[in-house]
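In: just need the structure, nothing else, for what follows:
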Amino acid sequence: MEQPGSHRRFSAAKALALLVMICLIRYLESFALIFSVKQIGIVPWIIAILVLLSGIAAVFGLFRGNQWGFIPLYFFIPAATLFFGMSLIPYVPLLIEPAYRGLAVLAINSGILIYAVWLLLKMMETHDLRY
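Out: The predicted structure follows:
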């Protein structure tokens with residue numbers, strides 16, 4: 001029997017998956033550029049692969065409502081923010097003055113990360129998880 005509110009939590013997990021998917025699609029040309037340019041070292045290429053794969057894994061896991069979908073999400077958000085400056089809600093930082101865009105991206109992504117942690121805690125509290 002489903003707990004009250006479990007449908008909303010699964011919908012919220014799907015919304016997080018949608019945000020990650022939109023972010024990946026929006027910044028697809030950035031990944032293409034990283035993989036097409038001959039890099040001096042292998043580290044940027046490896047980081048880009050890890051960010052891309054964690055985003056894809058998060059989308060699949062969260063869309064299905066699986067507990068493991070939060071693990072790659074918790075890597076994707078900080079890595080996309082710190083290494084690439086990607087906003088999970090695209091185009092909103094463009095409304096901010098250029099000097100403060102980095103802070104806007106950090107604030108947006110931090111808010112989403114905090115919400116994702118809260119959502120997982122709520123799901124664990126009511127045992128709404130699928131393994």
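In: where do the helices sit along this protein?
Out: Counting by DSSP state H, the chain forms helices over residues 6-26, 28-36, 43-64, 70-79, 101-125, given from the N-terminal end onward.
In: shaky segments in this protein?
Out: Scanning the chain with the threshold set as pLDDT under 70 gives 1-5, 37-43, 127-131.
In: now with 80?
Out: When residues are selected by pLDDT under 80, those of the chain lie in 1-6, 31-44, 126-131.
In: list the contacts for residue 87?
Out: 23, 93, 104-105, 108-109 (CB atoms under 8 Å, 6 or more residues apart in numbering). The C-beta positions use only the backbone N, C-alpha and C, and glycine is treated the same way.
In: list just the nearest of those to residue 33.
Out: Distance from residue 33 was checked for each of the contacts of residue 87 by CB to CB. The minimum falls on residue 23, at 16.0 Å.
In: can you tell me the closest non-neighbouring residue to that closest one?
Out: Closest residue in space to residue 23, ignoring its immediate chain neighbours: residue 88 at 4.9 Å, by CB to CB, 6 or more residues apart in numbering.
In: run a quick neighbour tally on the one you found.
Out: Here the number of neighbours of residue 88 (other CB atoms under 10 Å) works out to 24.
In: before we move on, back to that, biggest separation within the contacts of residue 87, which pair?
Out: 23 and 104 (14.6 Å).
In: which one's more surrounded, the two?
Out: Comparing residue 23 with residue 104 by other CB under 10 Å, the one with more neighbours is residue 23, at 23 against 17.
In: and the more buried one, how far from residue 60?
Out: In this structure, residue 23 and residue 60 are separated by 15 Å, where distance is defined by CB to CB, to the nearest Å.
In: next one: residue 7
Out: For residue 7, the distance to residue 60 - CB to CB - is 20 Å.
In: cheers, nothing more for now.
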